[in-house]
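Novice: Based on what follows, work out the 3D shape:
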Amino acid sequence: MTNSNPPSLQPLVDAMKHPVRGKMLLYLLQEPAGVEEIAARLDESAGKIRYHLRALIEEDLVSVVDEEPRRGVVKRYYAGMRWKTFVGDEEYAKLSQAEKVRLDSLTLKEMLADISASMRSGVCFERPDSHLTFVRGEVDEKGWKDLAAIHLRAFFEVENVRVESKDRLNGEKAELIPFSAFSLMFERDTVD
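Specialist: Got it, this is the predicted structure:
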């Protein structure tokens with residue numbers, strides 16, 4: 001699905017430059033969470049999290065996805081707006097080198113944090129169908145473009161499976177399997 005009027009990337013870029021908002025947004029793109037969970041994950045105060053949540057909501061990067069009444073108050077769960085935070089090739093090309101480095105660095109830190117936590121807990125490769133692949137090689141320009149297209153398709157397929165799994169539950173409290181899937185392709189340095 002292509003958006004004929006894509007939103008400006010500037011709010012996303014600005015959020016990713018911010019040390020707290022960038023981490024919040026990456027966390028909320030992975031799973032909905034309340035203020036307390038976000039504060040605990042980022043080791044920040046709930047007041048600071050609320051302040052930055054308001055800014056992310058105002059920029060339409062985060063929204064309230066669920067509300068749960070609890071002892072006279074309403075607990076809100078927030079999630080990142082995925083369709084507004086996916087940066088396609090054209091948008092990525094418009095970012096400055098510093099913006100690309102910041103966006104990529106935050107994403108890589110989240111990837112490594114997920115891997116480290118799963119390896120420490122022992123669940124990383126517990127499932128027999130867990131997967132780790134590493135390929136190093138050389139391709140021509142067409143091969144590079146073909147590989148980039150494969151990675152992009154894989155991203156959309158993973159996202160579709162995640163959404164379909166959630167939809168199958170229809171509000172039932174079934175056990176979901178937490179997962180992380182990474183697709184990383186880059187031109188490597190030729191230094192031997």
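Novice: in this protein, which spans are strands?
Specialist: For the chain, the strands defined by DSSP state E cover 62-70, 73-80.
Novice: Number of residues surrounding residue 184?
Specialist: Residue 184: 10 surrounding residues under other C-beta atoms under 10 Å. Any C-beta I mention is one placed from the backbone N, CA and C, and that applies to glycine too.
Novice: Just want the phi and psi numbers for it.
Specialist: The phi/psi pair for residue 184 (degrees, to the nearest 10) reads phi -130, psi 120.
Novice: Now do the same for the lengthiest helix in the chain: mean pLDDT, whole number.
Specialist: Longest helix of the chain, by residue count under DSSP state H: helix 141-169. Per-residue pLDDT over helix 141-169 has a mean of 86.
Novice: Quick one: distance of it to the chain centre.
Specialist: Centroid displacement of helix 141-169 relative to its chain, using C-alpha atoms, centre = their mean, to the nearest Å, is 14 Å.
Novice: what packs against it?
Specialist: If contacts are counted by 3 or more C-beta pairs under 8 Å, 6 or more residues apart in numbering; DSSP states H and E, helix 141-169 sits against no helix or strand.
Novice: ok, back up a step: let me know which of the strands of the chain is tucked in deepest.
Specialist: strand 73-80 (a mean of 16; mean count of other C-beta atoms under 10 Å).
Novice: Pull the residues that contact that strand.
Specialist: 25-26, 28-29, 31-35, 38, 53, 57, 61-69 (C-beta atoms under 8 Å, 6 or more residues apart in numbering).
Novice: Quick one: low-confidence residue ranges for the chain.
Specialist: 1-9, 82-87, 171, 173, 192 (pLDDT under 70).
Novice: ranges for the helices of this protein?
Specialist: 10-17, 19-30, 35-42, 46-58, 82-85, 89-94, 97-121, 141-169.
Novice: What residues does residue 158 make contact with?
Specialist: By C-beta under 8 Å, 6+ apart, the contact list for residue 158 reads 181, 183.
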